[in-house]
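Novice: Structure for the following, please:
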Amino acid sequence: AAGHRQPQPETVADGADPLAIGGDVAPGERVCAIGNSFGLGLSVSCGTVSAVGRAGVGFNAVEDFIQTDAAINPGASGGALVGADGRLVGLLSAIFTKNSDANVGVNFAVSASLLSYVAGEMRDRGAVRWRFGGFAARAYPPPGAVGEMAAEVIRLRPGGPAEAAGLKIGDRITRAAGRRVRNPAQLRAIMGLALPAGDVELIVMRAGRTMTLRIAQGR
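Specialist: So this is what the prediction gives:
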């Protein structure tokens with residue numbers, strides 16, 4: 001039909017340098033999204049980091065998203081989220097919308113940390129192995145109550161790393177591996193990424209006292 005053009009595939013020149021992967025970003029930093037929105041060809045849109053460490057959004061079992069207002073539309077998934085210094089800080093993954101399948105300014109990219117871990121596991125093992133420390137948690141405070149947001153321990157695996165570290169049912173975890181914990185999904189992502197790299201320090205509230213516990217990697 002008149003005015004209609006079939007999208008053409010993009011090519012990359014031989015010998016092109018790959019992007020350097022890694023490094024944290026913070027809310028307010030400038031980022032650019034490079035993708036193939038609607039199959040029209042590679043394009044660049046820029047914006048800011050709205051939030052980091054997003055988890056529990058509902059797309060994947062383990063989530064560690066960078067939220068950005070850089071425009072991301074269908075077809076851009078798998079593209080690059082690039083920081084101001086040219087590093088690959090995330091992999092374009094999802095948009096959050098309730099009325100239409102289009103960008104509304106709440107867009108998500110898998111963090112470089114999660115991307116690197118999953119890619120390394122697939123390369124070395126052919127599958128992703130997760131370690132979460134041998135415990136389960138629920139959101140605190142419960143619906144309708146008030147209090148500091150945390151992940152409350154509700155179950156321990158007998159003889160598991162968490163039990164060996166001294167964690168108890170009812171403990172409220174507020175920080176893990178130096179990161180703030182506001183819900184179980186966020187804690188799950190932190191543990192899944194930090195524990196394979198070494199021991200994980202937890203800041204725990206128990207009976208009104210603040211405690212520091214350490215879950216050992218090798219247990």
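
Novice: What are the buried residues along the longest helix seen in the chain?
Specialist: Using DSSP state H, we find that the single longest helix of the chain is helix 112-125. Residues of helix 112-125 classed as buried by neighbour count (16 or more other Cβ atoms under 10 Å): 112, 113, 114, 115, 117, 118. Any C-beta I mention is one placed from the backbone N, CA and C, and that applies to glycine too.

Novice: do the same with stretch 147-166
Specialist: 150, 151, 152, 153, 156, 160, 161, 162, 163, 165.

Novice: from those residues, which is closest to residue 33?
Specialist: residue 151 (30.9 Å; Cβ to Cβ).

Novice: Tell me which residues touch that closest one, please.
Specialist: When contacts are counted by Cβ atoms under 8 Å, 6 or more residues apart in numbering, residue 151 touches 137, 138, 139, 140, 172, 173, 181, 183, 184, 186, 187.

Novice: Run through this structure and note the low-pLDDT ranges.
Specialist: Residues of the chain that meet the criterion pLDDT under 70 lie in 1-17, 97-105, 218-219.

Novice: contacting residues for the residue nearest the centre of it?
Specialist: Centroid-nearest residue in the chain, with Cα atoms, centre = their mean: residue 64, separated by 0.7 Å. Applying Cβ under 8 Å, 6+ apart to residue 64 gives the contacts 53, 54, 55, 110, 111, 113, 114, 189, 193.

Novice: Many thanks, have a good one.
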